[in-house]
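*Asks:* okay, predicted coordinates and the sequence, questions at the end:
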Amino acid sequence: MTDLRTTNGRSPITARSRASLDEPLLRPQEAADLLSVRLSWVYEAVRDGRLPCIHVGRHIRFLRTDLARWVDDQH
């Protein structure tokens, strides 16, 4: 079995990913409501790699902070 620890003895999980575990994951419909777009647009944007998402098994989830950053980048 491979040890996933880095040379400093810490897990390779970054501070951002640890912090994001405290933030609730949004479902695609919730992301669509937040962005005021159709659900089909959300799925298309994820498929095209335009919208940041997290894959949990076969499910797609979103972090509100990632969506807010994405909106800011669109300006």
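*Replies:* Right, received. Where do you want to start? Numbers count the residues shown, from 1 in each chain.
*Asks:* can you give me the helices for the chain?
*Replies:* Remark: helices assigned in the chain by DSSP state H are 15-20, 28-35, 39-48, 64-73.
*Asks:* contacts for the biggest strand by length in the chain next, please.
*Replies:* For the chain, the strand reaching the highest residue count under DSSP state E is reported as strand 59-63. Identification of contacts with strand 59-63 by Cβ atoms under 8 Å, 6 or more residues apart in numbering yields 20, 23, 25-28, 30-31, 43, 46, 51-55. The C-beta positions use only the backbone N, C-alpha and C, and glycine is treated the same way.
*Asks:* for the record, mean pLDDT for stretch 54-71?
*Replies:* The average pLDDT within stretch 54-71 is 96.
*Asks:* quote the end-to-end distance of that stretch.
*Replies:* By Cα to Cα, to the nearest Å, the extent of stretch 54-71 from end to end equals 17 Å.
*Asks:* if we can go back for a sec, in CSV, list the helices of the chain along with mean neighbour count.
*Replies:* Formatted as CSV, these follow (neighbours: other Cβ atoms under 10 Å):
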stretch, mean neighbour count
helix 15-20, 10
helix 28-35, 16
helix 39-48, 14
helix 64-73, 13
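*Asks:* low-confidence ranges in this structure?
*Replies:* Regions of the chain meeting the criterion pLDDT under 70 cover residues 1-20.
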